[in-house]
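1. for reference, the sequence and a predicted model appear below.
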Amino acid sequence: PEPPKKPSNWRRKHEEFIATIRAAKGLNLKDGGKLPPPPPPSYDPDYIQCPYCQRRFNENAADRHINFCKEQAARITNKGKLAADTKGKLPTRTQYKPAAVKKMPSVGSTPSSSSRLPQPSGVSKTVVGM
């Protein structure tokens, strides 16, 4: 016995695709105006919606994703509880002001002796002409 096949909805998908292409062709980007809002995403009844992130997946991917997303949602809620505990410490950290940095006086274009890069010498080169 063969498993029952789902009815194909390729025609509706094809018509949505053609409509999207025609809408994109109608745009004139050279004028520089605002872009129109994108068309709403098409709803595919074959997909299963994840209760945690509201994304949609086919049956096989939905089974794997929902388990994964459930674990991730549990981790995020635990992190949110920890972040709420540390919020009391935040104002004391923002009151800290570092000491002003004293700048060393720079003398013209003399390179510092601690530089490891080769520095041009102060001797001018003579240009030999014809």
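-> Okay, I see it. Numbers count the residues shown, from 1 in each chain.
2. can you say which helix or strand has I66 in it?
-> helix 59-86 (DSSP states H and E).
3. and that helix, what's buried?
-> Within helix 59-86, the residues scored as buried using 16 or more other Cβ atoms under 10 Å are 62, 65-66, 69. No exception for glycine: its C-beta is placed from N, CA and C like everyone else's.
4. so what does it touch, helix or strand wise?
-> strand 48-49 (3 or more Cβ pairs under 8 Å, 6 or more residues apart in numbering; DSSP states H and E).
5. redo the buried residues of helix 59-86 as CSV? Include pLDDT and distance to D44.
-> Converted to CSV, the buried residues of helix 59-86 look like this (pLDDT from 0 to 100; distance: Cβ to Cβ, whole Å):
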residue, pLDDT, distance to D44
A62, 94, 12
H65, 95, 15
I66, 94, 17
C69, 93, 19
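6. out of those, which is nearest to K102?
-> C69 (53.6 Å; Cβ to Cβ).
7. related to what we said a few turns ago, how far off centre is the helix holding I66?
-> Centroid separation between helix 59-86 and its chain, computed with Cα atoms, centre = their mean, to the nearest Å, is 20 Å.
8. distance to E2 added to the buried residues of helix 59-86, as CSV?
-> Formatted as CSV, these follow (distance: Cβ to Cβ, whole Å):
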residue, distance to E2
A62, 23
H65, 28
I66, 28
C69, 33
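9. who touches the residue nearest to C53 when sequence neighbours are not counted in this structure?
-> Among residues not flanking C53 along the chain, C69 sits closest, at 5.5 Å (Cβ to Cβ, 6 or more residues apart in numbering). When contacts are counted by Cβ atoms under 8 Å, 6 or more residues apart in numbering, C69 touches 50, 52-53.
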